[in-house]
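Trainee: Below are the sequence and a predicted model; questions follow.
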Amino acid sequence: MAYPQLTDKPGALETAAAIRAGRLSPHEAVDAAIVRISKLDAEINALAVPDFDRAYETAREMERHAPGPDQPLYGVPMTVKESFDVEGLQSCWGHERLTDYIAPRDAELVSRLKSAGAIIIGKTNVPVDLQDWQSFNPVYGRTTNPHNADRSPGGSSGGGAAAVASGMVPCEFGTDIGGSVRVPAHFSGIWGHKTTWGLVSKRGHDHPQMARREGFVAAHDGVLSIAGPMARNAADLALLTQIGAMVPLRRTEKRLRDCRILAVMEFPGSPIDASVAEPTEAAIARLESGGVTIERTSDPLPDLARQHSDYLRMMNIAMARGAPARDGKRASATDWFDLLDAQAASEFAWAKLFERYDFVIAPPAPVLAIPHLDKSVFRGTVRVNGEDMRAGSALTWAGLATFPNLPSTVLPIGQGTYEGAVLPCGMQVIGPRWSDLDCIAAAETMATILHS
């Protein structure tokens, strides 16, 4: 039922197993990934900053030692989003004026991935300042969706999604504040996970304009924004989440058929296009026929319209670092504390909801992969059921999990036809705070039911 994958190349765990079994060496795994990139990336343009020579050197050096027990990614080539610092590589967030910034050290997450045995072969494309559901900028150009070159792979982690979907690499780490992992997974037909806020360190994921200042040290993660993995299967997603996790995660081991699930298919001011609604409803029906209990309405559901308004304001203030809005008004300290209070209230409301339900399922976005635009999506409209809708309203489905700091896993569920093109469709599985592994496991069971 899920949208067909574009590649049969092995995932991260499968690659690591082949290396441990002696069927493949780290340098052969790296070479195979680089060959795939050379073959595919001229059209897709997913890789922004290659690091092939060092990847070969790392692989050769790695072959002198046996893999350690704490290296589940031993020899696995992968990419990270351009916005993560990798020592010695450029990080400009799509700005021509910032290409002189070369990261002096690895981001905390990159260090963790390397310690787990991963070989970083490069960094993937982003929109300027990571603020779009497309991935194009004047430095690296435009990334296309490997399913349809006329469509966006999503943003802001779109380069990574395209690299994973096309088979260039088995996995990637991106970031998400406005759906930037979940929407690319949805647009590109792969798996993605928005982690619980604060679970994965974002130290070393700093705007280069600030990072290149003398003496700059990032001392905190920004509100709302998280680092999260993308892959072609649930097992890889779970492993990457555990590698990045700063605190131990636990599983409840509850069977999906024993769970109570709430489907949210309506959101004030953000209707869902039929291209998304139809495959999602078909997936819900298939899950129900497989014995999964899914409800449609719930009294304890938070005030979604209020939540979305607060989410947009908090996100805009955070991304602008308090600079005046387009209307010239600057948020006060009181405004900010009011938003923190609203966020705490939202967290409490969702916690009450999850006393009744195990998971919430919903679309990651109201549309499928959008046609390429020459400006940011959020400066215009998106087409929903034949009518133009303000693009900012589409963020409602991302904010559903972002504002209350919840984990959310996107799995591919099928396909739909959007503006004349047949495209992948995903669904997000949202759970209580810190239930990251449960969300991934539930999504994996759902995928098994949908594919049976």
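Mentor: All right, it came through fine.

Trainee: Any buried residues in whichever strand or helix holds residue 334, and which?
Mentor: Secondary structure assignment for residue 334, by DSSP states H and E: helix 333-353. Buried residues in helix 333-353, counted by 16 or more other CB atoms under 10 Å: 336, 339, 342-343, 345-347, 349-350, 353. Every C-beta, even on glycine, is put in place using the N, C-alpha and C of the backbone.

Trainee: That one packs against which elements?
Mentor: Packing partners of helix 333-353 (3 or more CB pairs under 8 Å, 6 or more residues apart in numbering; DSSP states H and E): helix 304-319.

Trainee: now the helix it packs on, how far from the chain's geometric center?
Mentor: Centre-to-centre, helix 304-319 and its host chain are 19 Å apart (CA atoms, centre = their mean, to the nearest Å).

Trainee: Redo the buried residues of helix 333-353 as TSV? Include pLDDT.
Mentor: Formatted as TSV, these follow (pLDDT from 0 to 100):
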residue	pLDDT
336	95
339	97
342	98
343	98
345	97
346	97
347	98
349	97
350	97
353	96
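
Trainee: I figured residue 27 was touching residue 61, is that so?
Mentor: No - counting by CB atoms under 8 Å, residue 27 stays clear of residue 61, with 9.7 Å between them.

Trainee: what about the two, which has more around it?
Mentor: Between residue 27 and residue 61, counting by other CB atoms under 10 Å, residue 27 is the more crowded of the two (20 against 11).

Trainee: what's the domain layout of this protein?
Mentor: According to automatic domain parsing, the chain is divided into the following domains: 12-244, 256-451.

Trainee: among the ones you listed, which is the most enclosed?
Mentor: Here the criterion is mean neighbour count by mean count of other CB atoms under 10 Å, and of the domains of the chain the winner is domain 12-244, at a mean of 22.

Trainee: Could I get the average pLDDT for that domain?
Mentor: In this model, domain 12-244 carries a mean pLDDT of 96.

Trainee: hmm, back to that, following the chain past the helix holding residue 334, name the next helix or strand.
Mentor: Scanning the chain past helix 333-353 towards its C-terminal end, the next helix or strand to appear is strand 359-362 (assignment: DSSP H and E).

Trainee: got a list of contacts for the helix or strand just after that following strand?
Mentor: Next helix or strand after strand 359-362 toward the C-terminus (DSSP H and E): strand 381-384. The list of residues contacting strand 381-384 from outside it, by CB atoms under 8 Å, 6 or more residues apart in numbering, reads 271-273, 366-367, 370, 388-391, 394, 419.

Trainee: what pairs with strand 381-384, and is each one parallel or antiparallel?
Mentor: In the sheet containing strand 381-384, its partner strands are strand 387-390 (antiparallel), by DSSP bridges.

Trainee: Against which helices or strands is the helix or strand just after the partner strand packed?
Mentor: As assigned by DSSP H and E, the chain's next helix or strand after strand 387-390 is helix 396-402. Secondary structure elements in contact with helix 396-402, counted by 3+ CB pairs under 8 Å, 6+ apart, are helix 304-319, strand 359-362, strand 421-430.

Trainee: what's the least confident stretch among those?
Mentor: Within these, the least confident segment by mean pLDDT turns out to be helix 304-319, at a mean of 94.

Trainee: Need the nearest residue in space to residue 208, chain neighbours excluded.
Mentor: Counting by CB to CB, 6 or more residues apart in numbering, the nearest residue to residue 208 once its immediate chain neighbours are dropped is residue 101, at 3.9 Å.

Trainee: ok, the one you found touching residue 213?
Mentor: No - under the contact definition of CB under 8 Å, residue 101 does not touch residue 213, with a separation of 10.2 Å.

Trainee: Spatially central residue in this protein, please.
Mentor: residue 181 (1.5 Å; CA atoms, centre = their mean).

Trainee: tell me the contacts of that residue?
Mentor: With contacts defined as CB under 8 Å, 6+ apart, residue 181 is in contact with 157, 174-175, 192-194, 226, 228-230, 410.

Trainee: picking up where we left off before, how about JSON lines for the contacts of strand 381-384, with pLDDT and distance to residue 97 added?
Mentor: Converted to JSON lines, the contacts of strand 381-384 look like this (pLDDT from 0 to 100; distance: CB to CB, whole Å):
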{"residue": "271", "pLDDT": "97", "distance to residue 97": "40"}
{"residue": "272", "pLDDT": "98", "distance to residue 97": "39"}
{"residue": "273", "pLDDT": "98", "distance to residue 97": "38"}
{"residue": "366", "pLDDT": "98", "distance to residue 97": "35"}
{"residue": "367", "pLDDT": "98", "distance to residue 97": "33"}
{"residue": "370", "pLDDT": "98", "distance to residue 97": "28"}
{"residue": "388", "pLDDT": "96", "distance to residue 97": "34"}
{"residue": "389", "pLDDT": "96", "distance to residue 97": "34"}
{"residue": "390", "pLDDT": "95", "distance to residue 97": "30"}
{"residue": "391", "pLDDT": "94", "distance to residue 97": "27"}
{"residue": "394", "pLDDT": "95", "distance to residue 97": "30"}
{"residue": "419", "pLDDT": "97", "distance to residue 97": "35"}
